[in-house]
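> Sequence first, then the predicted structure:
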Amino acid sequence: MADPVVVIGGGIAGIQAATDLAEMGVPVYLVEKSPSLGGRMAQLDKTFPTNDCSTCILAPKITSCYNHKNVTTYTMTELVDVKGTPGNFRVRLKKRPRYIDEDKCTGCADCFEKCPEKIPDEYNLGLTEQKAVHKYQPQAVPNLAVIDPDHCRKLQEDKCGLCEIVCNFDAVDYKQREKNFIVQAAAIIFAPGYEAFAGDIVSQYHYGNHQDVVTSLEFERILNAAGPTDGKIIRPSDGKKVEKIAFIHCTGSRDYSCDHNYCSSVCCMYSIKHALLTRDHLPDAGVDLYYMDIRSHGKGFERYFNRAEATDGVNFIRSRVAEIERNSKDKKLNLKITDGDNGFEARDYDLVVLATGIAPKQEVTEDLQKLKIRTNKYGFADTEEFSPFVTGREGIFACGAVTGPKDIPESVAEASGSAVMAGQLASLDINELGITEAPPVASRAVTNQRTRIGVFVCHCGTNIAGVIDVEEVTERVAEMPFVELAEDVKYLCSTDSQKLIADRIEEHDLNRILIASCTPRTHEMLFQDAVERAGLNPHLMEMTNIRDQGSWVHKEEKEKATWKAYELVRAGVARIKNALPLERGEVDNITRALVLGGGIAGMTAARELGNLGFPVSLVEEEEWLGGKAAEIHRSGFGRPIKPFLERLTAEIRDNKLIDIYSGYKIDNISGFVGNYQLDISGPQQIELEGGVVIVATGGQELKPDEYQYQNSDKVMTALELEELIDKDSKRLADAKKIYMIQCVGSREEERPYCSRLCCTQSLRNAIELKKRNPESEITILYREMRSYGYYEDLYREARDIGINFSRFDLDNKPEIEKIEENQLEIRFNEPLTGTTIKDNPDLVILAAAVLPGEDNERISKMLKTPLNEDKFFLEAHVKLRPVDSSTDGIFLTGLAHGPKNISETISQSRATAGRAASILSKEFLLTEAMIAEVDESLCIGCGDCERVCVYKAIEVDPIDKKAEVNKVLCKGCGNCLGVCRPHAVDLKGFRNQQILDEVETLLAEDQEEFSKGGML
């Protein structure tokens, strides 16, 4: 058995780290200071750039983590101290009293109703009130009440006691006291999250004085259906409808007056999200965003920004807001803004939202001291650029926003990477694999029973119920044949609702369950687990998507949306009534990883898996290792890359578990999770096998066809400049006038994405050139300067040492002309003066776009793993599965996934190792249950099914001329059904009769035919 790991922090980073470790077979103590898991993400309404409901995508992960057999969760618990050494830490924890017996409380809320004491609602940031006894949030995990001791009349004055009186489960315990205890741990992962910068939020904005000036996180709660205004955007001061709203960027970020010089990285994007959501809520509202630079540098973010720019009523205004005053007559907020001519203009708004930055929590700073972890100048945990999340204290790792501002996918990737690092200290023995995919729970027999269907319809707050009349749908469905129970629930994916489903199955002897809610893409497994725990086969549960197919697409037609939802549910009932139990098979798992690509991404993933004890086959097409990093000489913060690359390469070559195949080309990839085959050719033909595949095939730099790049040796790309800097070329010493042009080939119609690393690369190179030759004139021509996170310090340094910056627009790009044999003329508009500048540069440096790898499309087809619109490999979910592909067992990292710098590549590569280890640590895997089956009595052996199967899962036996299905390879796509002329092929879970029942029910004017049958 592996040694335990302590994970401090129950937000998304802590949950991901704990889950990955648990899946590897490592016991985890998950420690959360608040009464519930979820962290800041649980307070968000939606997430960009997909506008997914935050709760909808987070709740299944929380529930899965909390219920995992290898995870022990301590809420209301905090760190006291840590003693010991890596592999043998003694972690002292303090659990505060909940005043509720956690084994008895059911979260029924009876006590909330009777409690007379109201207090500010912490989850809703004080925008509304709650009772002194309450649940931290509607979907709290664990689903338990908590009593606030500072406001409870019984605890303060020995009066009242109503909550104890009304509790039917004897769960209230006023005598609970603080408990200190010690746990042993091999390693510690520190993921406590961040604080939304509050402090003195810029006094000129009068936050706290004007009710209608709110922070971005408060606005998230206002937007949310479970928030203080039930999702209605109204003025907090008087409840009136908002007609005009302003968003002020960089509040508490990029601000030298409060020592928050850094960029908080996410504010631009969540403000854009807020603008789009505001227009969804209030189609006639005017929305203005005041910004300095739009930093949409993430994957898919530029398209999201473009969408907002094209939205009527959304205006982006490049300006700083000087101050906010309140008009005493109409109560509107008067914003004084700079107008571009050093003057001011006043504008009125009903509501102002401050895009507050990310700051370290005060108590976290104290915890860092207890852990003896150094902090940087801003108070965040200090980690190495080439070893993200590795702290200065061995055996303790930090991930998520505690190390600095970052978006959710970066936090998730760091968490998975931290898990693999901690797992290396947990004495994980792959020769004694202690965890497998859990075999199915024994399900009760339902054959020959009368069909008894339970239908559960989800409100999803106002996400569904704001458009669809959920109660009406439920009432109508309850009258259908075979429906024994129909019930509407506010949030079906919450822990208490999962228990409710299980209870109803037992109470009403239900043997079929229909869930009418959101998408099965994110929630099917959650509900399958719920019915399985209640003793039903998980495939006797179906989902009907009344959100994506109802409330989202018909939000302006509520009556029609309600009718459509009813029709969808009615069809779902028809489909589920004759559903059959399905079983999954087992397949042996090859505990070896196949890593495609020998750059920093591939080598990092291989190293971490090798250090965990898993064998690795690393394949690189070139004769040498290093990839694109071999062409880059310094990191974003100026650290030499070559020594790091040499150490990494040496570690790879010295690890006996890692087999290196350099100079080999990938010919073919086939198979499935647990059993992949890789054919490569080079000095010889070789076939490799592995349980997982890590795609780290890299990217390339655009060779521009503009700005005279093809015609003059004075024009070069940033990578070509790096080569000259490394060689200390005389050409650089002689260059007196240097221009750098950003976004060359990026953020344009052909490539509408940001290449992410170009701005920081140009800043670093410009600073280096200026330091070498202080007399040189260096000008950076840019569209938006995207020096996110701590890279803002580079931007500041560049300005301080005299580097010039001039902004241009896409429709007014700089022009370069070759005027003599070896002389250039550059022309560009200077926006501050409105004049056209002409100059003769000695060098022009082009920040050329990062392109996807040439082989991406070919490898994508082999792996059956999709690419995005820009031909980078597409992750399974942009926020919560950033390194997983949609194909089981295939993981993505580095430039193959999208543009990123070296530090981010290392982080992501360690994450792929962590995710891969969660599969490699299993003895066997379970196959799909919903697969094709062949009725041999009908099969004529024509082979049509074999020809259309992209998974090579069905083939005609050459002897008996009947089609046979490989149960491991089959993914249940249904292609074979579509071409089978004699209808010999059927698909378990999607049987022809089920589909026909569904269609006939939708077309039927009455339910006479449907009432027939219903017996297995």
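Noted; the coordinates are in hand.

> Where do the strands of the stretch 901-1016 of the chain begin and end?
Counting by DSSP state E, counting those that start in this stretch, one finds strands in the stretch 901-1016 of the chain at the ranges 924-926, 932-934, 954-956, 963-965, 985-987.

> got a markdown table for those, with mean pLDDT, distance to residue 571 and mean neighbour count too?
To be clear about C-beta, it is placed using only N, CA and C from the backbone, and glycine gets the same treatment. What follows is those, written out as a markdown table (pLDDT from 0 to 100; distance: least, CB to CB, whole Å; neighbours: other CB atoms under 10 Å):
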| stretch | mean pLDDT | distance to residue 571 | mean neighbour count |
| --- | --- | --- | --- |
| strand 924-926 | 87 | 29 | 18 |
| strand 932-934 | 96 | 23 | 20 |
| strand 954-956 | 94 | 29 | 20 |
| strand 963-965 | 95 | 28 | 20 |
| strand 985-987 | 95 | 18 | 21 |
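
> Adding distance to residue 28, write those out as JSON lines.
As requested, the strands of the stretch 901-1016 of the chain are arranged in JSON lines below (distance: least, CB to CB, whole Å):
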{"stretch": "strand 924-926", "distance to residue 28": "22"}
{"stretch": "strand 932-934", "distance to residue 28": "39"}
{"stretch": "strand 954-956", "distance to residue 28": "41"}
{"stretch": "strand 963-965", "distance to residue 28": "39"}
{"stretch": "strand 985-987", "distance to residue 28": "38"}
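
> closest one to residue 551 among those?
strand 985-987 (29.0 Å; CB to CB).

> Now do that closest one: which elements does it pack against?
If contacts are counted by 3 or more CB pairs under 8 Å, 6 or more residues apart in numbering; DSSP states H and E, strand 985-987 sits against strand 932-934, helix 975-979.

> Would you mind putting those into CSV with distance to residue 335 alongside?
Formatted as CSV, the helices and strands packed on strand 985-987 follow (distance: least, CB to CB, whole Å):
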stretch, distance to residue 335
strand 932-934, 62
helix 975-979, 58
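
> Of all those, which one is nearest residue 268?
Closest among these, using CB to CB: helix 975-979, at 42.7 Å.

> What residues of that closest one count as buried?
By neighbour count on 16 or more other CB atoms under 10 Å, the buried set for helix 975-979 is 975-977.

> Name the residue closest to the centre of this protein, please.
residue 879 (1.4 Å; CA atoms, centre = their mean).

> so what's the nearest residue to residue 407 once chain neighbours are set aside up against?
Distances taken as CB to CB, 6 or more residues apart in numbering place residue 266 nearest to residue 407, at 5.1 Å, with adjacent residues excluded. By CB atoms under 8 Å, 6 or more residues apart in numbering, the residues touching residue 266 are 358, 405-407.

> so where is the stretch 651-800 of the chain shaky, pLDDT-wise?
Regions of the stretch 651-800 of the chain meeting the criterion pLDDT under 70 are absent.

> and residue 643, how far is that from residue 463?
52 Å (CB to CB, to the nearest Å).

> And for residue 814?
For residue 814, the distance to residue 463 - CB to CB - is 46 Å.

> can you check residue 968 too?
38 Å.

> next one: residue 625
49 Å.

> Repeat that for residue 257.
Applying CB to CB to residue 257 and residue 463 gives a distance of 40 Å.

> out of these two, which sits in the busier spot?
Neighbour count, other CB atoms under 10 Å: between residue 257 and residue 463, residue 463 has more, with 25 against 9.

> quick one, what contacts the more buried one?
Counting by CB under 8 Å, 6+ apart, residue 463 has contacts 53, 56, 225, 518, 547, 551.

> can you list the residues you listed in CSV and add secondary structure?
Shown next, in CSV, are those (DSSP: H, G, I helix; E, B strand; the rest coil):
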residue, secondary structure
53, strand
56, helix
225, coil
518, coil
547, helix
551, helix
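
> pLDDT wise, what is residue 168 at?
Looking at residue 168, its pLDDT stands at 85.

> Oh, that last question was meant for residue 256, not what I typed.
The model's pLDDT for residue 256 equals 80.

> Let me see the ranges of the helices in the stretch 501-650 of the chain.
520-533, 558-576, 600-612, 642-654 (DSSP state H, counting those that start in this stretch).

> could the ones you listed be laid out in JSON lines, adding distance to residue 130?
What follows is the helices of the stretch 501-650 of the chain, written out as JSON lines (distance: least, CB to CB, whole Å):
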{"stretch": "helix 520-533", "distance to residue 130": "27"}
{"stretch": "helix 558-576", "distance to residue 130": "30"}
{"stretch": "helix 600-612", "distance to residue 130": "44"}
{"stretch": "helix 642-654", "distance to residue 130": "51"}
